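# next one to model:
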Amino acid sequence: MGRINSGSRSVCSETNITLIDNVRAEIENCRRILDCSDVCIHIRTVRTDVMIWGENLSVSDFKTGGLIVEGRIHSVEFDSSGGERN
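This next block holds a predicted model:
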């Protein structure tokens with residue numbers, strides 16, 4: 001479940017977010033960064049928008065559909081009215 005076969009390749013349709021304490025978030029299947037500041041990172045995933053709120057936030061490793069957010073994370077908010085719907 002969560003994978004769509006597209007010819008010979010498989011495309012994942014789910015977003016996985018791994019939090020390490022309150023200092024790092026690893027997000028898979030990120031489609032784009034919508035807004036980026038030191039207090040809020042707003043990203044679009046396959047099915048939803050995700051806002052990560054905190055202090056001294058930074059984004060790195062935006063490659064192969066994923067990214068890493070580091071800083072002091074206070075909360076993670078989801079907005080399912082965003083995202084790229086199937």
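
# just for the chain, where's the confidence low?
1-12, 82-86 (pLDDT under 70).

# could you pull out the strands in it for me?
With DSSP state E as the criterion, the chain has strands at 3-6, 9-12, 17-20, 24-28, 30-36, 40-45, 49-63, 66-79.

# let me know whether Leu57 touches Ile43 as I believe.
No - contact criterion Cβ atoms under 8 Å: Leu57 and Ile43 do not qualify, at 11.6 Å. Every residue, glycine included, has its C-beta placed from N, CA and C.

# of those two, who's got more company?
Higher neighbour count among Leu57 and Ile43: Ile43, with 25 against 20, using other Cβ atoms under 10 Å.

# contacting residues around the more buried one?
Ile27, Cys30, Arg31, Arg32, Ile33, Leu34, Asp49, Val50, Met51, Ile52, Leu67 (Cβ atoms under 8 Å, 6 or more residues apart in numbering).

# which among those end up buried?
Ile27, Cys30, Arg31, Asp49, Val50, Met51, Ile52, Leu67 (16 or more other Cβ atoms under 10 Å).

# and the last one, bridged to which residues?
Judged by DSSP bridges, the bridge partners of Leu67 are Ile27.

# same check, this time on the fourth one
Asp49 has the following beta-bridge partners by DSSP bridges: Arg44, Asp79.

# what residues of stretch 64-77 count as buried?
Leu67, Val69, Glu70, Gly71, Ile73, Val76.

# state the distance from Glu26 to Glu70.
10 Å (Cβ to Cβ, to the nearest Å).

# circling back to that earlier point, nearest to Thr18, of the contacts of Ile43?
Thr18 lies nearest to Ile27 out of the contacts of Ile43, by Cβ to Cβ, at 8.0 Å.

# that closest one against Thr45, yeah?
Yes - the pair Ile27 / Thr45 is scored as a contact, 7.2 Å apart, by Cβ under 8 Å.

# overlap in contacts, the two.
Looking at what touches both Ile27 and Thr45 (by Cβ under 8 Å, 6+ apart), the common residues are Thr15.
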